[in-house]
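[1] no sequence on hand, only this structure:
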């Protein structure tokens, strides 16, 4: 099977049952470190609900992401410009970021925008950065998706869990998502280094959060993100003006 990242031939590493019914094969690329499933014929069934029922951390994750993003965007990017949340789900994060004071917009091909209606992504606008959380592991064609993101901005801020080394067996790593069948692409540090080099970008690893960017940002300075636990995001928030009431007035005029 051909690797969807580097197009080299990869090798089957194991098989496992997903959705409690389909025995599928997983393939590993020795050249770029990527792991992928076989052609995911089961996705229509897996996505009967776009947010899977086992994702009990959805709200808590968005709270933590909004705090980390507040520090990251407020200190290292132009906080007064526009941002897009790609594969933004129900729009929870976009609404949170707008409430904080960032001009965030929503985009998602597969999920209904419930919380950020009226603030959908417009292709012709200019965006400082695009975020995409818990989506890379869902990409059927990762390179195509990344190239779509790079058309929006040359800074992509995203989250996914890196493959452990050695590659774990299905029973030993919950992130394979066997019960819901939506996770089909898995990346190593080596994979992201390959992608960054391919597009002449800098890659920054922040544990489960990652950045591809044309900007030069010191990884040492980014350690300040850990101060989220001590309320650093609140200091940054004081420099911003919430868009909650402004958005209310804007949407009220459209009724």
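    Received, thanks. Here the structure is a predicted model, which means the values were calculated and not measured.
[2] would you mind measuring from residue 12 to residue 176?
    15 Å (Cβ to Cβ, to the nearest Å). Quick note: C-beta positions are derived from backbone N, CA and C, even for glycine.
[3] oh sorry, the question was meant for residue 233
    On the measure of Cβ to Cβ, residue 233 and residue 176 end up 32 Å apart.
[4] what of residue 236?
    Remark: distance between residue 236 and residue 176 (Cβ to Cβ) = 36 Å.
[5] what about these two, which has more around it?
    Neighbours were tallied for residue 236 and for residue 176 using other Cβ atoms under 10 Å; the higher tally belongs to residue 176 (22 against 19).
[6] pLDDT score for residue 174?
    Predicted confidence (pLDDT) for residue 174: 96.
[7] next one: phi and psi at it?
    When quoted as degrees, to the nearest 10, the phi and psi of residue 174 stand at phi -70, psi -20.
[8] and it, how many neighbours?
    Look at residue 174: counted by other Cβ under 10 Å, it has 13 neighbours.
[9] ok, now residue 104?
    There are 28 residues near residue 104, going by other Cβ under 10 Å.
[10] who touches it in this structure?
    The neighbours of residue 104, taking Cβ atoms under 8 Å, 6 or more residues apart in numbering as the test, are 82, 83, 84, 85, 93, 94, 97, 98, 116, 119.
[11] next, the third one: secondary structure please.
    Using DSSP: H, G, I helix; E, B strand; the rest coil, the structure places residue 84 in strand.
[12] bridging residues for it?
    Note on residue 84: beta-bridge partners residue 105, residue 130, judged by DSSP bridges.
[13] is it true that it touches residue 155?
    No: counting by Cβ atoms under 8 Å, residue 84 does not reach residue 155; the two are 10.7 Å apart.
[14] what touches both of the two?
    Contact with both residue 84 and residue 155 is made by residues 129, 130, according to Cβ under 8 Å, 6+ apart.
[15] can you give me the helices in the stretch 51-200 of the chain?
    58-76, 92-100, 142-152, 189-198 (DSSP state H, counting those that start in this stretch).
[16] among those helices, which comes closest to residue 209?
    Nearest to residue 209, of all those, is helix 58-76, at 6.7 Å by Cβ to Cβ.
[17] which residues touch the closest one?
    Taking Cβ under 8 Å, 6+ apart as the criterion, the residues outside helix 58-76 that touch it are 51, 79, 83, 89, 92-93, 96-97, 100, 102, 128-129, 131, 133-134, 157, 159, 209, 215, 217, 221-222, 224-225, 227-228, 232-233, 236-237, 239-240.
[18] buried subset of those, written for PyMOL?
    Buried members of the contacts of helix 58-76 can be picked out in PyMOL with the line below, counting by 16 or more other Cβ atoms under 10 Å:
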select buried, resi 79+83+89+92+93+96+97+100+102+128+129+131+133+134+157+159+209+217+222+225+228+232+233+236+237+240
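[19] so how far is residue 197 from the nearest residue to residue 165 once chain neighbours are set aside?
    Distance criterion Cβ to Cβ, 6 or more residues apart in numbering; nearest residue to residue 165, sequence neighbours excluded, is residue 188 at 7.2 Å. In this view, residue 188 and residue 197 are 14 Å apart by Cβ to Cβ.
[20] on that earlier part again, shouldn't the residue nearest to residue 165 be in contact with residue 33?
    Yes: assessed by Cβ under 8 Å, residue 188 is found in contact with residue 33 at 3.5 Å.
[21] with neighbour numbers in mind, choose between the two.
    Here residue 188 and residue 33 are set side by side on neighbour count (other Cβ under 10 Å), and the busier one is residue 33, at 23 against 19.
[22] quick one: pLDDT of the more buried one?
    98.
[23] how about residue 134?
    Per-residue confidence (pLDDT) for residue 134: 94.
[24] what about residue 99, neighbour count?
    The burial count assigned to residue 99 is 16, neighbours taken as other Cβ under 10 Å.
[25] how about the contacts made by it?
    Residues touching residue 99, when contacts are defined by Cβ under 8 Å, 6+ apart, comprise 242, 243, 244.
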